[in-house]
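Student: Here's a sequence, model it:
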Amino acid sequence: MAMFPESSPEARRKIRDLAPETHSAFAALGRQVFADGALTAKTKQLIAVAVAHVTQCPYCIDGHTKAARRAGASPQELMEAVWVAAEMRAGAAYAHANLMISALSEEGEQ
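Tutor: Numbering: from 1, shown residues only. Below you'll find the model as predicted:
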């Protein structure tokens, strides 16, 4: 049994139909955000793949990986984006060690 249900046209239709105006606005936002601008669509999709890995959204990983490939991203570029995400996530844990050090200092620990 899969942890997440597979996306289907029926599910997407129901999501749209439950809040059509909001769905339409969200779709327009996505089209605007991922259009070429100061960053290329390819770069934006690589960023999205990295963020999807940090947020751990399987639907986003799937969709943005495919969109990145359509925009010309290579498998190597995609993997580098994932490694950037992994470093950022690990780096955040390391940086937050400052909170632990602060708590220890408050207790008089060195």
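Student: Distance check, residue 72 against residue 24.
Tutor: 28 Å (CB to CB, to the nearest Å). From N, CA and C alone the C-beta is placed, and that goes for glycine too.
Student: Helices along the chain, start to end?
Tutor: If DSSP state H is used as the criterion, the helices of the chain fall at 9-18, 20-33, 41-55, 58-70, 75-95, 97-106.
Student: Can I get the ones you listed in CSV including mean neighbour count, distance to residue 2 and mean pLDDT?
Tutor: Converted to CSV, those look like this (neighbours: other CB atoms under 10 Å; distance: least, CB to CB, whole Å; pLDDT from 0 to 100):
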stretch, mean neighbour count, distance to residue 2, mean pLDDT
helix 9-18, 10, 14, 95
helix 20-33, 11, 25, 97
helix 41-55, 20, 18, 98
helix 58-70, 17, 9, 97
helix 75-95, 13, 21, 96
helix 97-106, 10, 36, 93
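Student: Please tabulate these in CSV and include distance to residue 3 as additional columns.
Tutor: Below are the helices of the chain laid out as CSV (distance: least, CB to CB, whole Å):
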stretch, distance to residue 3
helix 9-18, 16
helix 20-33, 24
helix 41-55, 15
helix 58-70, 8
helix 75-95, 20
helix 97-106, 31
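Student: Spatially nearest residue to the most centrally placed residue in the chain (excluding sequence neighbours)?
Tutor: Taking CA atoms, centre = their mean, the centroid of the chain lies closest to residue 52, which sits 2.1 Å from it. Leaving out its chain neighbours, the residue that sits closest to residue 52 by CB to CB, 6 or more residues apart in numbering is residue 60, at 3.6 Å.
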